[in-house]
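Participant: build me a model:
(one chain, ligands or ions: 1)
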Amino acid sequence: MAPKKWETLNPSGSKRVIVTKQLPGERWLERLTQADCKVEVCTSPDVLSTEEINTAMAGGCDGAIGQLTESWEEELFAALKDAGGNAYSNCAVGYNNVDVDAATRHGIPVGNTPGVLTETTAEMAVALTFAAARRTGESERFLRAGLYKGWLPTLFLGELLWRKTVGIIGAGRIGATYAQMMVAGHKMNLIYYDIHQNKKLEDFIADYGKFLSSRGEPPVSCRRASNIEEVLRESDCVSLHTILDPTTHHLINAQRLALMKENALLINTSRGPVVDEAALVAHCQRHPDFRVGLDVFEDEPDLKPGLVELDNAVIVPHIASATRWTREGMATLAASNVAAILMGYPVWQEPDITPFLEADPPKAAPSILNAADLNLPVYESC
Ligand code: DGY
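Facilitator: Reported below is the predicted structural model:
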């Protein structure tokens, strides 16, 4: 394997931070420069192995910004500690690639980037929903192949979602935002499953239902299901918004797919292994009217055999958070986490992290997952 290329930014900085991929925008670098960091960025798009990251940290490293494609586990946190480091941030909100307990054992704070992906990811889930429902990938391939011979009453008939039932599994920030977009935009009824009740979401839908009634229109409804099966059976479209952990691995399997309507849609912008992808391929092969929209895959970047050939699957390469604003925001938050820990700042507690995207951010680390376990001081606004 050829050695990966690295670029040094702010070479006069007194602390050394490695960044395992090039990041968009400039603000993230400003944050690290203000914290007097020399920043070494890997300019290769290939995924770095644990060994390569280990080698990059050797000889002195104060902090690191890593990606969801890397395994930040015991070996790397031990290596970061040995290199004199005490700050890590994932450049992602999800952190199933990080062993936070291992980092805690080594006394290393772990950051992530919540609050800037919500609407962007929800919009992609909506885009995939309608791309799947209205067969846009399939019909575009048909058109580009020169097969269009004129308008036909039977050409690419899809599914109308207006006033139907949308189901979500996981009603956290992204799931709830997707649900609101589908309910308010398309007057759909909602059924959701989550171990926690989302009262704010329920109130939003109740208020929207009252608004519709006040205009003489049928209201919309919202119901929290007592199990996942109910959501799968009743929905015309199901979108997955869970985290990935051992309890959600293969949450959607062959048995659960079999409960869904034959012409339902399944959307996944969460993590690939939440769905048994081989079972999904088999289900789509047997049910041509069942459609899926996938942003994430079980063995990324590889796809399970048969997926690429499916006309009833819309697939995109893990780009749900890929708007410029969001990706620059993620980079800024990740850099702010590392810079703040290296500066000895306390940890922010408010849900709103947007002040960190501004020119004059709070002197705090925006999001540290193991802050309580490490007894880190909490930011007090004056
Ligand atoms: C995340 O941040 O977890 C997303 O998957 C990146 O798109």
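Participant: around the ligand, pick out the residues from this protein.
Facilitator: Residues of the chain lying close to the ligand by C-beta under 6 Å from any ligand atom are 68, 92, 93, 94, 117, 320, 321. For every residue, glycine as well, the C-beta is placed using N, CA and C.
Participant: pLDDT score for the last one?
Facilitator: It stands for residue 321. For residue 321, the pLDDT comes out at 97.
Participant: and it, helix, strand or coil?
Facilitator: With DSSP: H, G, I helix; E, B strand; the rest coil as the basis, residue 321 sits in coil.
Participant: number of residues surrounding it?
Facilitator: 22 (other C-beta atoms under 10 Å).
Participant: okay, helices next: where are they in the stretch 201-350 of the chain?
Facilitator: For the stretch 201-350 of the chain, the helices defined by DSSP state H, counting those that start in this stretch cover 228-234, 254-257, 277-286, 324-343.
Participant: would you mind finding the most buried of the ones you listed?
Facilitator: Mean neighbours per residue, mean count of other C-beta atoms under 10 Å, is largest over those for helix 324-343, with a mean of 24.
Participant: that one - what's its average pLDDT?
Facilitator: 98.
Participant: do stretch 256-269 as well
Facilitator: 98.
Participant: still on that earlier bit, out of the residues of the chain next to the ligand, who's the most crowded?
Facilitator: Highest count within the residues of the chain next to the ligand by other C-beta under 10 Å belongs to residue 117, 24 neighbours.
Participant: just checking, it touches residue 330?
Facilitator: Yes. With contact defined as C-beta atoms under 8 Å, residue 117 reaches residue 330; the gap is 6.9 Å.
Participant: what is in contact with the two at once?
Facilitator: 93, 321 (C-beta atoms under 8 Å, 6 or more residues apart in numbering).
Participant: please name every helix or strand in contact with the host helix or strand of residue 40.
Facilitator: Assigned by DSSP states H and E, residue 40 belongs to strand 37-42. With contacts defined as 3 or more C-beta pairs under 8 Å, 6 or more residues apart in numbering; DSSP states H and E, the packing partners of strand 37-42 are strand 6-9, strand 15-19, helix 27-34, helix 324-343.
Participant: by how many degrees do that strand and strand 15-19 diverge?
Facilitator: Interaxial angle of strand 37-42 relative to strand 15-19 (axes from the mean of the first three to the mean of the last three C-alpha atoms, to 10 degrees): 30 degrees.
Participant: what sits up against strand 37-42?
Facilitator: Here strand 37-42 makes contact (C-beta under 8 Å, 6+ apart) with 4-23, 29, 32-33, 48, 56, 62-63, 338-339, 342.
Participant: residues touching the closest residue to residue 212 other than its chain neighbours, list them.
Facilitator: For residue 212, ignoring the flanking residues on the chain, the nearest one in space by C-beta to C-beta, 6 or more residues apart in numbering is residue 219 at 5.1 Å. By C-beta under 8 Å, 6+ apart, the contact set of residue 219 is 208, 209, 210, 212, 213.
Participant: please tell me how far the third one sits from the ligand.
Facilitator: Computed as C-beta to the nearest ligand atom, to the nearest Å, the residue 210 to the ligand distance reads 35 Å.
Participant: residues near that residue, how many?
Facilitator: Look at residue 210: counted by other C-beta under 10 Å, it has 11 neighbours.
Participant: contacting residues for it?
Facilitator: By C-beta under 8 Å, 6+ apart, the residues touching residue 210 are residue 219.
Participant: please report the distance of it from residue 298.
Facilitator: Between residue 210 and residue 298 the computed distance is 42 Å (C-beta to C-beta, to the nearest Å).
Participant: likewise the second one?
Facilitator: When distance is defined by C-beta to C-beta, residue 209 is 38 Å away from residue 298.
Participant: quick check: phi and psi on residue 46?
Facilitator: phi -70, psi 150 (degrees, to the nearest 10).
Participant: the residue lying closest to it once chain neighbours are set aside - how many residues pack around it?
Facilitator: Spatially, and ignoring its direct neighbours in sequence, residue 46 is nearest to residue 4 (6.8 Å; C-beta to C-beta, 6+ apart). For residue 4, the count of nearby residues is 18 (other C-beta under 10 Å).
Participant: let's verify residue 4: helix, strand, or coil?
Facilitator: From three-state DSSP, the assignment for residue 4 is coil.
Participant: which residue sits closest to residue 178, ignoring its sequence neighbours?
Facilitator: What sits nearest to residue 178 in space, not counting adjacent residues and going by C-beta to C-beta, 6+ apart, is residue 122, at 4.1 Å.
Participant: contacts for whatever helix or strand that neighbour lives in, please.
Facilitator: Assigning secondary structure by DSSP H and E places residue 122 in helix 118-133. The contact list for helix 118-133 (C-beta under 8 Å, 6+ apart) reads 136-137, 158-161, 173-174, 177-178, 181-182, 185, 237, 239, 241, 265, 267, 269, 291-295, 312-314, 316, 319-323, 325-326.
Participant: and it, how far from the chain's centre?
Facilitator: Relative to its chain's centre, helix 118-133 lies at 12 Å (C-alpha atoms, centre = their mean, to the nearest Å).
Participant: hang on, isn't residue 357 packed against residue 331?
Facilitator: No. The criterion here is C-beta under 8 Å, and residue 357 misses it with residue 331 at 10.4 Å.
Participant: joint contacts of these two?
Facilitator: residue 27.
Participant: mind checking which of the contacts of residue 219 are buried?
Facilitator: 208, 209 (16 or more other C-beta atoms under 10 Å).
Participant: need the contacts of residue 219 in CSV with pLDDT, can you?
Facilitator: Shown next, in CSV, are the contacts of residue 219 (pLDDT from 0 to 100):
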residue, pLDDT
208, 98
209, 98
210, 98
212, 98
213, 98
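Participant: list just the nearest of the contacts of residue 219 to residue 346.
Facilitator: residue 208 (39.1 Å; C-beta to C-beta).
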